[in-house]
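Q: below is the sequence, then the predicted model.
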Amino acid sequence: MNVSPIQDHRTRERGLIVYPVYSRRSKGLSLGVNLFPSHKLCSFDCPYCEVFPFQTDFSFDIELMESALIETIGTASEVKDLCFSGNGEPTLSPHFKSALNRACLICRDHAPSAQVVVITNGTGLLKQDIFDFLIAKTHEERFNLWLKVDAGAGEWFRTIDRPKADVSFPALMEKMQAFTAGAGRNAVTIQTMLCRVNHAVPDQREAAAWEQAVLGLAGAGSVRNVHIYGKARPGPQDPLAQALPVSFLEERADSLRRAFKRAGFDIPIETFA
Ligand code: SF4
């Protein structure tokens, strides 16, 4: 790898549109695409969020994105993915569709062994045009949607994700079900954050509800894998959210593995403490 990955994740908040990072979950160099170089924009206010408040005069520019991606790909020995994630919920950007379409072409032409990843909290799926657009994307090569499923029931959802607008948890789960039912095979990664929030942990009832929710999403065949991850980086709301022991994550992963086995699903589950 000849590119120097950004060590301090907060530097992406200084207005960068493309930022190379070493991703523990992608297991290599990930080229982050930041649709919000000027300020954070998200439909959630997760207590574990690592985006610190900031304001710049920069704005997103698709031509700059393209040149930065091509230049960085050209100097890297291996790129694992081009990842839409920085500074908020990508589906809220007016540039989301055009930037993603362009990145898919760049990936095909310049980094054909890489993937294009979209990390989303799922609220974009409540808009029909975003839902249809992303469903179509999942049927393309080299596309992977990382879908946040932090909770199995509304109470923990409101605690760990703190939706800003009046997002109905049942409606969101219903949309996620419809999405995984219509998405391309192995196109979706489910990602779940497990942490303590204001000293509270998800209890057994919440754990069982989450497991059922993930089982329901996985049944359609579009779920490639499950990432269960812990709080590993500082955030602006510390110490509201705190890391849980590795064993907590492993127990939840083992329970889900047993549930997948009983259901006949061969879906890998990884933990990232
Ligand atoms: S969904 Fe992501 S960007 Fe938005 S508040 Fe949560 S962690 Fe932060």
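A: On my side now, so go ahead. Numbers count the residues shown, from 1 in each chain.
Q: show me what the helix or strand hosting Ala259 packs onto, helices and strands only.
A: Taking DSSP states H and E as the definition, one finds Ala259 inside helix 246-263. Counting contacts by 3 or more C-beta pairs under 8 Å, 6 or more residues apart in numbering; DSSP states H and E, helix 246-263 packs against strand 188-197, helix 204-218, strand 223-230, strand 269-272. No exception for glycine: its C-beta is placed from N, CA and C like everyone else's.
Q: hey, which of the ones you listed is tucked in deepest?
A: Mean neighbour count (mean count of other C-beta atoms under 10 Å) peaks for strand 188-197 among these, with a mean of 23.
Q: can you list the residues that contact that strand?
A: Outside strand 188-197, the residues that touch it by C-beta atoms under 8 Å, 6 or more residues apart in numbering are 25, 46-48, 119, 138, 144-150, 159-160, 179-180, 202, 210, 214, 217-218, 222-231, 240-244, 248-249, 252.
Q: are any of those residues buried, and which?
A: 25, 46-48, 119, 138, 144-150, 159-160, 179-180, 202, 210, 214, 217-218, 222-231, 241-244, 248-249, 252 (16 or more other C-beta atoms under 10 Å).
Q: ok, Leu194 to the ligand distance?
A: From Leu194 across to the ligand, the span is 13 Å (C-beta to the nearest ligand atom, to the nearest Å).
Q: residue closest to the middle of this protein?
A: With the centre of the chain defined as its mean C-alpha position, the nearest residue by C-alpha atoms, centre = their mean is Ile119, 2.8 Å away.
Q: quickly find the element holding it.
A: Going by DSSP H and E, Ile119 is in strand 115-120.
Q: quick one: strands adjacent to that strand?
A: strand 81-84 (parallel), strand 143-148 (parallel) (DSSP bridges).
Q: packing partners for the helix or strand following the shortest one?
A: Scanning forward in sequence from strand 81-84 by DSSP H and E, the next helix or strand is helix 96-110. Using 3+ C-beta pairs under 8 Å, 6+ apart as the contact definition, the elements that helix 96-110 packs against are helix 62-75, strand 81-84, strand 115-120, helix 128-138.
Q: what residue in the stretch 51-200 of the chain comes nearest to the ligand?
A: Closest residue of the stretch 51-200 of the chain to the ligand, C-beta to the nearest ligand atom: Asn121 (3.9 Å).
Q: that residue contacts Lys148, doesn't it?
A: Yes. Between Asn121 and Lys148 there is a contact under C-beta atoms under 8 Å: 4.5 Å.
Q: so what sits against both of the two?
A: Asp161.
Q: ok, Gly88 - contacts?
A: Residues in contact with Gly88 (C-beta under 8 Å, 6+ apart) are Leu35, Phe36, Lys40, Leu41, Cys42, Val51.
Q: quick check: chain neighbours aside, which residue is closest to the fourth one?
A: Which is Leu41. Among residues not flanking Leu41 along the chain, Gly88 sits closest, at 4.2 Å (C-beta to C-beta, 6 or more residues apart in numbering).
Q: and if you look at the second one?
A: When the adjacent residues along the chain are set aside, Phe36 lies closest to Asn87, with 4.0 Å between them (C-beta to C-beta, 6+ apart).
Q: which residues are in contact with stretch 225-238?
A: By C-beta under 8 Å, 6+ apart, the list of residues contacting stretch 225-238 from outside reads 9, 25, 47-53, 146, 189-195, 214, 218, 241-244, 246, 249, 252-253, 256, 267-273.
Q: need the contact list for the residue nearest to Phe36.
A: Arg12, Glu13, Asn34, Leu35, Phe36, Pro37, His39, Lys40, Leu41, Val51.
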